[in-house]
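Student: sequence and predicted model, in that order:
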Amino acid sequence: MDIGMRHMHVTAVLLLLVFMLFKTVLLLTNKVDYLDRVRTKTKVVDIILGLTAVLTGFYLLSLKSEFEIYLWVKILLLMAAVPLGIVGLKRHKKPLAILSVLLIVYVYGVGETQSYKFKRNPVVTGNADQAGAEIYQKLCVECHGEDGKLGVFKAPDLTSSLMNQAEMKQRILQGKGAMRGYKNELSTEQLDAVINHINTLQ
C-alpha cells in the first residue's frame, strides 16, 4: 500500500503540473476564451488532483519517523501553489499562474532529491566504531526498522537477506524501487560500516 500511495502522490503532482503548465501557456498566449472553456471542463479534475497530492503527501509524512525540513517545505509550497494557480487562471493573472507552475516544479524537485536545496548532503558520523549504526539510524531505519524487519515501502527483511557484500554495496549506492541510492552521500568507509551493521541484524 505504501508504494501505491507514493506512486499516486507522484502521479498526482505530475498531472497537476502538466495541467497547470498547459493552462498557463494558454493564458500567456492570450487564449483566454479557450482557457476558460478548458478550466470549466477540468475543474473537478483539478480539485481531485490537488486533494490527492496533498492527502497522499500527508499519508507519506505519517510514515516518517521524523519530519525533515524538506518535507515541510514541500507540503507548504504545494498547499500554496494549488490555490495560487486557481486564482491566477480564473482571474487571468499571469504572474500568479507562472508562480504556481514554478512552485509545483520546485515541489517535485524537492521530493525527488529529498532536499529543499536540490542537493543531498554527505552523511556525517561521530565515533568511527559506531559509524555503521549511526548511518543505519539516519538512512535505513525509517523503512527497514530497528531490527531490519519493518518493511515500509516493501523494504526487504534485512534479517533474511541473501545478498552478498558486493550486491549490498550496489543496492545501497544505486537504490532500487522506492529506495533511493546513496552514492553521493556515503564514503567507502561509511558504506562498509553500514553493511557490517546490517550483517549484525542477521
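Tutor: Nice, thanks for sending it over. Numbering: from 1, shown residues only.
Student: residue ranges in this protein under the pLDDT threshold?
Tutor: Counting by pLDDT under 70, the chain contains low-confidence residues at 1, 65-67, 120-122, 124-126, 128-129.
Student: element containing the most far-flung residue of the chain relative to its centre, please.
Tutor: What lies farthest from the middle of the chain is Asp33; by Cα atoms, centre = their mean that is 35.9 Å. Taking DSSP states H and E as the definition, Asp33 sits inside helix 32-62.
Student: am I right that Glu112 sits in a helix?
Tutor: Yes: when DSSP: H, G, I helix; E, B strand; the rest coil is applied, Glu112 is found to be in a helix.
Student: how far away is it from Tyr182?
Tutor: Distance, Glu112 to Tyr182, using Cβ to Cβ, to the nearest Å: 15 Å. For the C-beta atoms, the positions are set from N, CA and C on the backbone; glycine is no exception.
Student: between those two, who's got more neighbours?
Tutor: Using other Cβ atoms under 10 Å, the more surrounded residue of Glu112 and Tyr182 is Tyr182, with 21 against 11.
Student: on the three-state scheme, the more buried one is what?
Tutor: Quick answer, by three-state DSSP: Tyr182 is coil.
Student: hmm, it is touching Lys138, no?
Tutor: No: checked against Cβ atoms under 8 Å, the pair Tyr182 and Lys138 is beyond contact range at 10.2 Å.
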